[in-house]
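Q: sequence? don't have it. structure:
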Ligand SMILES: NC(=O)c1ccc[n+]([C@@H]2O[C@H](COP(=O)([O-])OP(=O)(O)OC[C@H]3O[C@@H](n4cnc5c(N)ncnc54)[C@H](OP(=O)(O)O)[C@@H]3O)[C@@H](O)[C@H]2O)c1
């Protein structure tokens, strides 16, 4: 039996992708074999497809950090054929073969049952980006953030950002979108933004350690000088959930916002997030999606792309040109 896969090869440091058929006996070791129906495109997939950051050490390699599908066979008693499952993170798609294929073999520990009310395609419209966005909002709430207080979302047109607007807006938070693409403003408002600002307002590392207090919370997908600027604008006891580095992985700031305003800088990691927290976040997303109109909003930020076309989008996501979420229809 064969399966279809997007296979990455490396030659003299250059990574190339080819859609190909592989024998199922090429699948790696693992205790659950899945039929992969959908995957998705994340910023990290763009890096992997272009061989950036040495995230993949062994080639040939199947990328795709997310997947949703159906269990075909299992040596793990928790999973039986026919179960609908979602997998994000655990370094699948980088250390392990991932979701850009019609089949995958993985560890049962990594799987989450897709909650009732969420389709496998919706699970991938959410994917790592949507999961991370909910983790971030959840972390802000755990720090005491209340409804009605302004939450800034940086990189708002991207996967994490647009998902944060969707979840936060649906949960009744006052979301403010920061974007470099003002032409997306109406869509960002429709998703859940009460207001939209130009990202240039917050792009420089300020010369003063404290600026006027603007934000009670922030979901930051950008990092770098943007994060330094936002820290200086946080209100007393405000919290920033640091999720991403689309604008740079450096952080040059002062400790003054922490010392004089009690600002919290919260780290958000979706990849190694423990199983019980994963289940709680997925259950929370299922609850929110169940509210009137939210599933339609998720649909509005989602674009389907066939497996054959996904490699060509790597440069676009790294350049900040992809809007919302991209579901990869594998054909599995
Ligand atoms: N911590 C985790 O577990 C986790 C999980 C998922 C993602 N991430 C990270 O989160 C970040 C976003 O991921 P994503 O999948 O949402 O990517 P994405 O879809 O490409 O979104 C990133 C957005 O950031 C903005 N942006 C891009 N380049 C920028 C720059 N130079 N300066 C300022 N803003 C810029 C753009 O939004 P506008 O056009 O609206 O400005 C872009 O759409 C990435 O760094 C990714 O690695 C982390």
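A: Cool, the structure landed. Computed from a predicted structure; not experimentally measured.

Q: going by C-alpha atoms from here, please, whenever you check contacts or count neighbours.
A: Fine.

Q: tell me which element the most centrally placed residue in the chain is part of?
A: Closest to where the C-alpha atoms of the chain average out (C-alpha atoms, centre = their mean) is residue 129, at 1.4 Å. Residue 129 belongs to helix 120-142 when assigned by DSSP states H and E.

Q: thinking again about what came up before, so the residue nearest to the centre of the chain sits against residue 44, correct?
A: No. Look at residue 129 against residue 44 with C-alpha atoms under 8 Å: they stay out of range, at 10.1 Å.

Q: can you list the residues of this protein near the ligand?
A: 42-44, 128-129, 132, 155-161, 179-181, 221-222, 243-247, 268-271, 317-318, 320-322 (C-alpha under 6 Å from any ligand atom).

Q: now the element after the helix holding residue 129, going C-ward?
A: Helix 120-142 is succeeded, C-terminally, by strand 150-154 (DSSP H and E).

Q: helices and strands around that following strand, which ones?
A: helix 159-170, strand 174-179, strand 215-220 (3 or more C-alpha pairs under 8 Å, 6 or more residues apart in numbering; DSSP states H and E).

Q: avg pLDDT for it?
A: Mean pLDDT, strand 150-154: 98.

Q: could you do stretch 203-211 as well?
A: pLDDT averaged over stretch 203-211 gives 97.

Q: same question for stretch 52-67.
A: The model assigns stretch 52-67 a mean pLDDT of 96.

Q: next one: stretch 254-271
A: On average, stretch 254-271 scores 98.

Q: list of residues touching it?
A: For stretch 254-271, contacts defined as C-alpha atoms under 8 Å, 6 or more residues apart in numbering pick out 88-91, 128, 131-132, 135-136, 139, 209-210, 231-232, 234-243.

Q: out of these, which end up buried?
A: 88-91, 128, 131-132, 135-136, 139, 209-210, 231-232, 234-243 (16 or more other C-alpha atoms under 10 Å).

Q: among those, name the ones in helices.
A: 128, 131-132, 135-136, 139, 231-232 (DSSP state H).

Q: returning to that earlier point: distance of the closest residue in space to the residue nearest to the centre of the chain that isn't next to it in sequence from residue 244?
A: Nearest residue to residue 129, sequence neighbours excluded (C-alpha to C-alpha, 6 or more residues apart in numbering): residue 160, at 4.5 Å. According to C-alpha to C-alpha, to the nearest Å, residue 160 and residue 244 sit 9 Å apart.

Q: shared neighbours, those two?
A: Joint contacts of residue 160 and residue 244 (C-alpha under 8 Å, 6+ apart) are residue 221.

Q: measure stretch 11-29 end to end?
A: End-to-end distance (C-alpha to C-alpha), stretch 11-29: 25 Å.

Q: residues in contact with that stretch?
A: 1-10, 49-51, 96-97, 104-106, 308, 311.

Q: please repeat the previous calculation with a cut-off of 10 Å.
A: 1-10, 33, 48-52, 59-63, 96-97, 100-107, 307-312 (C-alpha atoms under 10 Å, 6 or more residues apart in numbering).

Q: out of these, which sit inside strands?
A: 2-10, 33, 103-106 (DSSP state E).

Q: and the residues you listed, which are buried?
A: 3-9, 33, 103-106.

Q: please produce a markdown table containing the residues you listed, extended by pLDDT and distance to residue 18.
A: Shown next, in a markdown table, are these (pLDDT from 0 to 100; distance: C-alpha to C-alpha, whole Å):
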| residue | pLDDT | distance to residue 18 |
| --- | --- | --- |
| 3 | 98 | 14 |
| 4 | 98 | 10 |
| 5 | 98 | 8 |
| 6 | 98 | 6 |
| 7 | 98 | 5 |
| 8 | 98 | 7 |
| 9 | 97 | 8 |
| 33 | 98 | 23 |
| 103 | 98 | 16 |
| 104 | 98 | 17 |
| 105 | 98 | 20 |
| 106 | 98 | 22 |
